[in-house]
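Peer 1: Requesting a structural model of the entry that follows:
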Amino acid sequence: MTQDMARMADKELFGTPSQISMMERARALWALVCNDPAFSFFGRSVTLCGPTDDAFERIAALARLQGGTACHYFPKTEVEAMGRELQEVGLNVSHHNHMRGTEAAYKASKALIDAMELPANITLGVVDMATPGEIVKDIADVSVSCGVMPVPGDAMRGHVRDGLCLAALDEAGTVVATSSSYMNNHPEGERATDAFWGMLATREDRRGERLGLYLGALAIVQMWENHGARAFNTGVTDGNAPSMAVCKKLDIAVTDWVFLLCTDPELFGDSTFTK
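Peer 2: This next block holds a predicted model:
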């Protein structure tokens with residue numbers, strides 16, 4: 001293991017080298033802007049909470065400082081124009097469908113948990129500061145295998161933002177599925193009670209057992225009851241039918257917004273945020 005790889009492992013950072021470097025830059029940047037309600041963060045990248053009059057300048061600056069960023073709640077009607085502007089200055093742009101659920105999502109999730117039984121060989125756990133490092137790495141590995149960029153270990157452990165990371169473990173104590181949700185906005189901002197939700201991932205050999213669906217529902221219920229979340233937002237790419245199906249079952253619907261994603265190819269290369 002190289003010295004750089006050892007340093008990354010010590011910090012429980014996961015993903016491609018470009019993704020890991022972005023998370024390191026984001027952590028340093030968040031220390032400077034954490035008191036500004038304009039910005040959001042849950043461990044991966046400092047993002048713009050919503051469009052502002054100077055959104056172009058802010059998105060471009062955040063992408064160049066970190067390698068990648070996003071703007072939440074960006075109107076669909078304006079995404080093409082903003083994308084052209086950002087591409088003209090050499091940045092890469094894409095977007096995800098903005099999915100959102102509120103009280104109906106909480107009720108649907110609670111009903112699903114009450115009605116569904118997990119396989120007998122599955123146990124559930126919430127990641128915290130005492131969780132062994134190998135479990136955290138297992139969660140990251142399962143996430144990466146599903147095209148989901150994991151958050152750093154200290155974010156999974158609830159040390160970065162208020163929230164949780166759930167894991168389903170088999171009889172050998174190995175992670176087979178995971179979900180997460182975090183309060184990613186400023187507590188005094190317009191979206192204070194919104195949570196980023198999702199990051200659902202299931203190991204290939206355990207797919208079809210609805211583990212991701214159950215963990216996603218459980219994350220919503222626990223965030224609503226224990227963390228004060230009143231809305232749940234996630235981004236889903238076009239064509240991602242499994243994630244769309246989960247959202248539909250949990251009453252999380254497509255909105256008139258998108259998650260506008262922007263990366264600097266010089267820093268982020270060909271890496272992507274997540275599916």
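Peer 1: any low-confidence regions in the stretch 51-200 of the chain?
Peer 2: Along the stretch 51-200 of the chain, no part satisfies pLDDT under 70.
Peer 1: Tell me where it has helices.
Peer 2: For the stretch 51-200 of the chain, applying DSSP state H, counting those that start in this stretch gives helices covering 55-66, 79-88, 103-115, 133-145, 153-156.
Peer 1: Can you check which of those gets nearest to residue 217?
Peer 2: Residue 217 lies closest to helix 103-115 among the helices of the stretch 51-200 of the chain, at 3.7 Å (Cβ to Cβ). (Glycine included, C-beta is placed from N, CA and C.)
Peer 1: now for that closest one, which elements pack on it?
Peer 2: Applying 3 or more Cβ pairs under 8 Å, 6 or more residues apart in numbering; DSSP states H and E, we find helix 103-115 packed against helix 211-226.
Peer 1: Give me the packing partners of whichever helix or strand comes after the helix it packs on, helices and strands only.
Peer 2: Per DSSP states H and E, helix 211-226 leads on to strand 231-236 as the next helix or strand towards the C-terminus. In terms of contacts (3+ Cβ pairs under 8 Å, 6+ apart), strand 231-236 is packed against strand 92-101, strand 194-202, helix 241-249.
Peer 1: The first one: how far from the chain's middle?
Peer 2: A distance of 12 Å separates the C-alpha centroid of strand 92-101 from that of its chain, computed with Cα atoms, centre = their mean, to the nearest Å.
Peer 1: List the pairing partners of it within its sheet, with orientation.
Peer 2: strand 231-236 (antiparallel), strand 253-263 (antiparallel) (DSSP bridges).
Peer 1: For the shortest one, buried residues please.
Peer 2: Of the residues in strand 231-236, 231-236 count as buried by neighbour count, 16 or more other Cβ atoms under 10 Å.
Peer 1: ok, now stretch 252-260?
Peer 2: 252, 257-260.
Peer 1: Adding distance to residue 186, write the residues you listed out as TSV.
Peer 2: Output for these, formatted as TSV (distance: Cβ to Cβ, whole Å):
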residue	distance to residue 186
252	23
257	18
258	21
259	18
260	19
